[in-house]
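Chemist: sequence unknown, structure follows:
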């Protein structure tokens with residue numbers, strides 16, 4: 001995403017959508033009550049014999065008052081719908097219209113309320129994240145995934161199809177197949193992590209070294225307990241990517257992992273749910289954690305607004321494993337500056 005202009009006075013931001021990943025940020029940034037202005041196709045009608053007949057579509061600059069934001073992950077479609085408030089004179093004001101957000105589109109978003117943590121979230125989308133390939137592999141299968149700024153996308157899976165009686169003899173073929181898949185993706189990658197529970201990762205890395213020394217130089221080896229998406233998520237939790245990339249996913253994962261660690265230790269430095277409001281009243285909050293889903297609640301939005309510029313506020317994506325776990329336990333928590341003495 002490219003932020004072209006920010007006007008805090010007018011509570012307006014102009015952006016250019018550059019890729020599908022930007023839609024993940026916009027789906028939570030744009031809310032009912034906002035105004036969105038963009039070039040968008042609009043049906044044209046002509047009156048013939050007393051009836052209005054559709055004669056085609058034309059691109060025109062239209063501004064709508066947003067009523068609904070719909071995002072479909074599978075097809076990367078973000079549709080912003082609402083009533084028209086500004087348009088060419090041949091378009092009826094207050095009629096319904098949908099703007100489809102997609103790469104290449106310029107868009108101006110105006111808000112009634114300007115919240116700094118939302119702008120910060122939008123700025124995160126501007127950061128260019130280096131492509132990092134994560135591979136979890138064992139004797140049964142390999143999972144290849146791409147690290148995105150706020151999530152992990154599985155690219156492909158490779159199964160070991162050889163029967164047990166032939167496994168020892170044919171296992172090098174399986175390793176070679178995994179290595180070939182890695183080499184297919186590696187030219188677009190800055191770094192590659194190969195991890196797993198056994199020695200399969202070393203065998204695969206050795207084959208890559210023999211085939212392509214340049215691509216082998218991108219590889220780091222690590223240990224995880226699974227060759228599935230669970231192993232991929234574990235690589236993030238264990239910090240295997242920490243030296244390679246400081247992006248939104250690793251940042252969020254570290255915070256949530258620290259939060260869970262305080263809860264497990266029961267050291268009094270983390271609170272959950274309604275206890276966050278008590279911690280706020282006692283000025284004890286160091287970092288406020290809110291899941292994307294929870295931010296849609298008015299009570300939570302007001303809490304975040306009251307703490308803006310006073311504490312660190314982190315919106316946690318539900319598109320990665322730790323973020324989903326955090327959301328499942330309520331989606332609202334805080335890491336504290338000091339322990340609270342609870343009455344009673």
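Modeler: That came through, no problem. If you're wondering where the values come from, they're calculated on a predicted model, not measured in any experiment.

Chemist: give me the low-pLDDT residue ranges for this structure?
Modeler: Counting by pLDDT under 70, the chain shows low-confidence ranges at 45-50, 52, 74, 163-167, 242-247, 343-344.

Chemist: any chance you could map the helices in it?
Modeler: Residue ranges of the helices in the chain, as given by DSSP state H, are 21-29, 116-124, 164-185, 200-211, 213-216, 229-237, 248-265, 275-281, 298-307, 321-328.

Chemist: Any chance you could list what contacts the last one?
Modeler: Spelled out, it's helix 321-328. 233, 236-237, 252-253, 256-257, 259-260, 289, 291-294, 316-318, 333 (C-beta atoms under 8 Å, 6 or more residues apart in numbering). Quick note: C-beta positions are derived from backbone N, CA and C, even for glycine.

Chemist: coming back round to it: for the helices of the chain, which one sits closest to residue 152?
Modeler: Using C-beta to C-beta as the measure, helix 229-237 is the one of the helices of the chain that comes nearest residue 152, at 5.8 Å.

Chemist: Can you list the buried residues in that closest one?
Modeler: Of the residues in helix 229-237, 231, 232, 233, 234, 235, 236, 237 count as buried by neighbour count, 16 or more other C-beta atoms under 10 Å.

Chemist: so how far is it from its chain's centroid?
Modeler: 16 Å (C-alpha atoms, centre = their mean, to the nearest Å).

Chemist: What of stretch 279-292?
Modeler: Using C-alpha atoms, centre = their mean, the distance between the centre of stretch 279-292 and that of its chain works out at 22 Å.

Chemist: Quick one: end-to-end distance for it.
Modeler: Using C-alpha to C-alpha, to the nearest Å, the end-to-end distance of stretch 279-292 comes out at 21 Å.

Chemist: So what touches that stretch?
Modeler: When contacts are defined by C-beta under 8 Å, 6+ apart, stretch 279-292 is touched by residues 28, 255-256, 259, 271, 276, 300, 303-304, 306-307, 311-318, 323, 326-327, 331-338, 340.
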